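**Q** sequence first, predicted coordinates after that:
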Amino acid sequence: MTFKLKDLSVLAYANGFSLWHYRTADPATDVDTADYFAAAADMMRIGDLVIATTDGGAKAGLLRIASNAGGSIDCADLLAIGATDTD
């Protein structure tokens, strides 16, 4: 699947930093690949954080925008949130 700009939203913005949310049916392994967010490269900055809800809501994690130059954007690997349920 591919990135859909309509599924990306800003949750907070301050001092040149944005906190984003992105929800998709795409697997987390696709979302944190290079240039997945290329269509939003003009809006995202290095250091921005994305709360990503992936796999149709089955997984969630944090992504940090690691590089953004010339329309090419890359995120650091997804840091899973709530990866294990021990109860």
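**A** Yep, that arrived. Numbers count the residues shown, from 1 in each chain.

**Q** gap between residue 16 and residue 29?
**A** Relative to residue 29, residue 16 is positioned 30 Å away (criterion: CB to CB, to the nearest Å). C-beta: built from backbone N, CA, C; applies to glycine.

**Q** what ranges do the helices span in the protein?
**A** According to DSSP state H, the chain carries its helices in the segments 28-31.

**Q** spatially central residue in the protein, please.
**A** Geometric centre of the chain, nearest residue: residue 50, 4.1 Å, by CA atoms, centre = their mean.

**Q** looks like that one contacts residue 76 (just checking).
**A** No: using CB atoms under 8 Å, residue 50 makes no contact with residue 76, being 10.3 Å away.

**Q** give me the common contacts of these two.
**A** Residues within reach of residue 50 and of residue 76 at once, by CB atoms under 8 Å, 6 or more residues apart in numbering, are 63, 64.
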